[in-house]
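Undergrad: I'd like to go over a predicted model; first the sequence, then the structure.
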Protein chains: 2
Amino acid sequence: MSAAFPAEPQMSATAEEEAYRHVQRALRLGRYKPGDRLIPEEIAAEIGMSRMPVREAFRRLASDGLVVLRPNRGCVVAGLTVDELYEIFEIRSVLEGLAVRLAMPRTDEEEFEDLERLLERMERAGQSGSSDWVVRHQEFHGRICALSRRPKLIHQISALHVVIEPYMRIWFDDCDKPHSAREEHAAVIAALRSGDELHAEKVMQDHILSTAPMLAEFVSPSR
Amino acid sequence: MSAAFPAEPQMSATAEEEAYRHVQRALRLGRYKPGDRLIPEEIAAEIGMSRMPVREAFRRLASDGLVVLRPNRGCVVAGLTVDELYEIFEIRSVLEGLAVRLAMPRTDEEEFEDLERLLERMERAGQSGSSDWVVRHQEFHGRICALSRRPKLIHQISALHVVIEPYMRIWFDDCDKPHSAREEHAAVIAALRSGDELHAEKVMQDHILSTAPMLAEFVSPSR
DNA sequence: AAAAGTATTTTTGTATCCACGTATTATCAA
DNA sequence: TTGATAATACGTGGATACAAAAATACTTTT
């Protein structure tokens, strides 16, 4: 459904799980802005539960880097500085580089065509101006990661995508460069097709690092 | 003090923080074995607090991959399969590879000597049979990571070291190969000295990947 | 002995209460 | 008017008691 990365099995809803998903979704969609305070009672009331599971969810969200939890000062939405954004893209580059490298032996012609279909859907979403583009884009990267068959790797990359999703959304809204993106992603598929693992790794790394500066333009250098 | 990685500022002790550190430390030292159940009330009694902060700490520990939290079935200590161990070393290899690459421009002769002193202390600890060796080893890797000046990268690598620490300990206890390790780490310093970023990255990757199979021998193929 | 139903224990979540730290506002002096 | 200080309101962190749901253990019956 909403998750581009199929990392979490997402069955059986404990209250804490529900709170975690609820707030994470709101954060991904940019409903809360960096610096906003999250009051446990308010959120608990929104979903109809008590404060405790919400506070437990806060711990996980803090662990994910989505919020900051300061003693006696509550829970505030985390914002990324330009430096932090670059850092995340550096980490993504090596992690997703590893993912393609590991994905290659497991990838056949059928998969290539699947990826190309995903790319088309991504471009269509981009042309229609739908912010679905961000979800499709995540789906593309998520698909390749999934091919690596490395659960922990997939999980880590997924977590990073969640953190940058709000910034991807404002980036997409303010500027539409979906077709330059299209070329880059097509290059990734081509590299995968080439059968050269190290080359594919390099292409993925370059692709990810090249998008960082564009995204950084839309993040204010303050805070 | 105990943390080889200087990631967490570790001031101001909220109850949850205390519980988190307490259990994490116990897990790192291998006081609990994989599969052991952690009962919130027992741990709460140990440190003299109520169950609530302990449960919150569990969420973070689960997020770190140290415990598994299954709905209605409580908290059990996570164990690593051989596959998972290999996966963590794959991730470490690219992450710490990135770290050395980024560390290089910031590293001067003084640092090289610091690292060599660390290496000596590591070897001395290894020869005396002290399991301090594991801590020193973490310190060595942690120092290089710190030189990268990337907080999130340092944090992620640190988290992985915490997960594998219990296995490093049993590995060290059962077999003493501290001097083959010495050579490898000296090679890392030499690569750093060379000034060739990509070469240093590769050396670090190879070093980490080479230790995985040795460690894996000491992990029983069952969970 | 196997199956079904019952009881007990454990986990999970709720509700309520209090102490303490933080932030805001109000008051007062320069 | 401005700046410093005191009073106050608020939210967080934590404790405790309680209720409900699920899992496990234990009967009892056939």
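TA: Okay, I see it. Numbers count the residues shown, from 1 in each chain, chains lettered A, B, ... in the order given.

Undergrad: C-alpha from now on. contacts and neighbour counts both.
TA: Fine.

Undergrad: A:Asp206: neighbouring residues, count only.
TA: Using other Cα atoms under 10 Å in any protein chain shown as the criterion, A:Asp206 is surrounded by 17 other residues.

Undergrad: Helix, strand or coil: sort out the nearest residue to it once chain neighbours are set aside for me.
TA: Distance criterion Cα to Cα, 6 or more residues apart in numbering or on different chains; nearest residue to A:Asp206, sequence neighbours excluded, is A:Ser93 at 7.4 Å. With DSSP: H, G, I helix; E, B strand; the rest coil as the basis, A:Ser93 sits in helix.

Undergrad: Same question for the one 5 residues further on.
TA: The three-state label given to A:Leu98 by three-state DSSP is helix.

Undergrad: So what does the residue lying farthest from the centre of chain A look like in phi/psi?
TA: Most distant residue from the mean C-alpha position of chain A: A:Asn72, 30.1 Å away (Cα atoms, centre = their mean). As for A:Asn72, its main-chain torsions (degrees, to the nearest 10) stand at phi 70, psi 10.

Undergrad: Which strand or helix spans the most centrally placed residue in chain A?
TA: The central residue of chain A, meaning the one whose C-alpha is nearest the mean C-alpha position (Cα atoms, centre = their mean), is A:His161 at 1.7 Å. Taking DSSP states H and E as the criterion, A:His161 maps to helix A:151-174.

Undergrad: now that helix: mean pLDDT?
TA: Taken as a whole, helix A:151-174 has a mean pLDDT of 93.

Undergrad: Could you tell me which residues within it count as buried?
TA: Neighbour counts using 16 or more other Cα atoms under 10 Å in any protein chain shown place A:153-172 of helix A:151-174 among the buried residues.

Undergrad: that older thread, the residue nearest to the centre of chain A reaches A:His137, doesn't it?
TA: No: in this structure A:His161 lies outside contact range of A:His137 using Cα atoms under 8 Å: 10.2 Å.

Undergrad: quick one, domains of chain A?
TA: Each domain of chain A is listed here as a residue range: A:15-77, A:82-216, per automatic domain parsing.

Undergrad: what's the neighbour count on whatever residue of chain A ends up closest to chain B?
TA: Among residues of chain A, the one nearest chain B by Cα to the nearest Cα turns out to be A:Glu56. It sits 5.2 Å away. The number of residues packed around A:Glu56, counting by other Cα under 10 Å, is 23.

Undergrad: what sits against it?
TA: A:16, B:55-56, B:59 (Cα atoms under 8 Å, 6 or more residues apart in numbering or on different chains).

Undergrad: Would you convert those into CSV that also reports secondary structure, distance to B:Tyr86 and pLDDT?
TA: Conversion of the contacts of A:Glu56 to CSV gives the following (DSSP: H, G, I helix; E, B strand; the rest coil; distance: Cα to Cα, whole Å; pLDDT from 0 to 100):
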residue, secondary structure, distance to B:Tyr86, pLDDT
A:Glu16, helix, 31, 88
B:Arg55, helix, 30, 90
B:Glu56, helix, 30, 91
B:Arg59, helix, 25, 92
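
Undergrad: Next, format the residues you listed as a markdown table and append distance to DNA strand D.
TA: Rendered in a markdown table, the data for the contacts of A:Glu56 read as follows (distance: Cα to the nearest atom of the strand, whole Å):
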| residue | distance to DNA strand D |
| --- | --- |
| A:Glu16 | 14 |
| B:Arg55 | 10 |
| B:Glu56 | 8 |
| B:Arg59 | 13 |
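
Undergrad: hey, where'd the strands end up in chain A?
TA: When assigned using DSSP state E, the strands of chain A occupy the ranges A:37-38, A:67-70, A:74-77.

Undergrad: who wins for proximity to DNA strand D among the ones you listed?
TA: Ranking these by proximity to DNA strand D (Cα to the nearest atom of the strand) places strand A:74-77 first, at 3.6 Å.

Undergrad: which neighbours does that closest one have in its sheet, and in what orientation?
TA: Each strand paired with strand A:74-77, and its direction, by DSSP bridges: strand A:37-38 (antiparallel), strand A:67-70 (antiparallel).

Undergrad: Let me know whether the shortest one sits next to DNA strand C.
TA: Right, strand A:37-38. No: contact check for strand A:37-38 against DNA strand C, using Cα under 7 Å from any atom of the strand: none in range, with a minimum separation of 11.1 Å.

Undergrad: what residues does that strand touch?
TA: Counting by Cα under 8 Å, 6+ apart, strand A:37-38 makes contact with A:74-77, all of which sit outside it.

Undergrad: Please see if that strand touches DNA strand D.
TA: Yes: remark: strand A:37-38 sits within contact range of DNA strand D at A:37-38, by Cα under 7 Å from any atom of the strand.

Undergrad: pLDDT averaged over that strand, what's the number?
TA: For strand A:37-38, the mean per-residue pLDDT is 92.

Undergrad: Go ahead and measure how far that strand is from the middle of the chain.
TA: Mean-position distance between strand A:37-38 and its chain equals 22 Å (Cα atoms, centre = their mean, to the nearest Å).

Undergrad: what's the spacing between A:Leu198 and B:Ala212?
TA: Taken as Cα to Cα, to the nearest Å, the spacing of A:Leu198 relative to B:Ala212 amounts to 21 Å.

Undergrad: Let me fix that, I meant to ask about A:Leu69.
TA: Distance, A:Leu69 to B:Ala212, using Cα to Cα: 35 Å.

Undergrad: Please identify the most buried of the strands paired with strand A:74-77.
TA: With neighbours defined as mean count of other Cα atoms under 10 Å in any protein chain shown, these peak in mean count at strand A:67-70, which reaches a mean of 19.

Undergrad: Run the chain-centre distance for stretch A:168-184.
TA: Using Cα atoms, centre = their mean, the offset of stretch A:168-184 from its chain centre is 15 Å.

Undergrad: Need the residues that contact it.
TA: Applying Cα under 8 Å, 6+ apart, the contact partners of stretch A:168-184 are A:29, A:119, A:123, A:126-127, A:131, A:134, A:207, A:215, A:218.

Undergrad: how long is stretch A:39-56 end to end?
TA: From its first residue to its last, stretch A:39-56 covers 13 Å (Cα to Cα).

Undergrad: buried stuff in that stretch?
TA: Of the residues in stretch A:39-56, A:40, A:43-44, A:49, A:51-56 count as buried by neighbour count, 16+ other Cα under 10 Å.

Undergrad: interface residues of chain A facing chain B?
TA: Listed as neighbours of chain B in chain A under the rule Cα under 8 Å from any Cα of the partner chain: A:12, A:14, A:55-57, A:59-60, A:63, A:71, A:84, A:87-88, A:91, A:94-95, A:98, A:150, A:152-153.

Undergrad: Among the residues you listed, name the buried ones.
TA: Burial by neighbour count, 16+ other Cα under 10 Å: within the residues of chain A next to chain B this picks out A:55-57, A:59-60, A:63, A:87-88, A:91, A:94-95, A:98, A:150, A:153.
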